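Q: fold the following, please.
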Amino acid sequence: MKDSSVKVKICGIRDMQAALAAARGADFLGFIMNSRFWRYIEPEMVREICQMVPQCRKVGVFVDQPLDEVSRLADYCGLDFVQLHGHENEAYAGRLKAGGYNIIKAFRYGEDFSPERANDYPADLVLIDSYSKNAEGGSGISFAWQAAAKEIRQVTKPYIIAGGIGADNVREAMELFQPYGIDASSSMEKDRKKDVHLIRSFLQEAGKL
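A: The predicted structure follows:
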């Protein structure tokens, strides 16, 4: 039963079946647009999915890529948001904003996050992920929520919590952080592929179905 006003973003979508399953309840769909990562999806498929799910906001996840590449792919695919998940500075984001793109900036709690920087960064939404030396995101690892909650609630922009969130703890994350949104990916995968049953279970627990 739908009972949650918290937005849900399902990231790492790689095929139409997963996209359609996620679109039944998710508010945002995320696509990895950097070919260095195994969850990468070809722009042609992203474009096709974007045309099929007008009810969701589509997010391209980029990691330290050239500005012209980001804008070209965003335009080609029909993305609603550009998510910067690397070490892109404020000037880089400002140029994208000036070009009319909506920005989500990811910060890793325990590495480059501070409420002050998140508030000052030229982004529409802030995403706070767990920090792992070996992964930019999608690690399935959560950070110390209880210790972090007070600091994270100092962020004045709408923020999304990510990192190790699944059907078993999504309600806890919503209650503790009172966020604008929740982002999840690896908890809905089986054998490195999004599983429609796990997607449905997650959306149900998140109050989206």
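Q: report the contact partners of residue 179.
A: Residues in contact with residue 179 (C-beta atoms under 8 Å, 6 or more residues apart in numbering) are 6, 159-161, 173. Placement of C-beta: from N, CA and C, glycine included.
Q: if you set the cut-off to 7 Å instead, what comes out?
A: Residues near residue 179 by C-beta atoms under 7 Å, 6 or more residues apart in numbering: 6, 159-161.
Q: I'd like the distance from residue 52 to residue 193, if you could.
A: With distances taken as C-beta to C-beta, to the nearest Å, residue 52 is found 19 Å from residue 193.
Q: wait, doesn't residue 113 sit right on residue 107?
A: Yes - applying C-beta atoms under 7 Å, one finds residue 113 in contact with residue 107, separated by 4.0 Å.
Q: more neighbours: those two, which one.
A: More crowded of residue 113 and residue 107, by other C-beta atoms under 10 Å: residue 107, with 24 against 20.
Q: so that one lies in a strand, does it not?
A: Yes - residue state for residue 107 (DSSP: H, G, I helix; E, B strand; the rest coil) corresponds to a strand.
Q: surely residue 160 touches residue 10?
A: No - Residue 160 lies out of contact with residue 10 (C-beta under 7 Å); the separation is 11.8 Å.
Q: give me the more crowded residue out of those two.
A: Neighbour count, other C-beta under 10 Å: between residue 160 and residue 10, residue 10 has more, with 30 against 23.
Q: show the pLDDT at that one.
A: What the model reports as pLDDT for residue 10 is 99.
Q: now tell me what touches the worst-scoring helix or strand of the chain on mean pLDDT from outside.
A: Within the chain, confidence by mean pLDDT, DSSP states H and E is lowest for helix 145-152 among all helices and strands, at a mean of 90. Residues outside helix 145-152 that contact it (C-beta under 7 Å, 6+ apart) are 109, 115, 128, 159, 173, 176-177.
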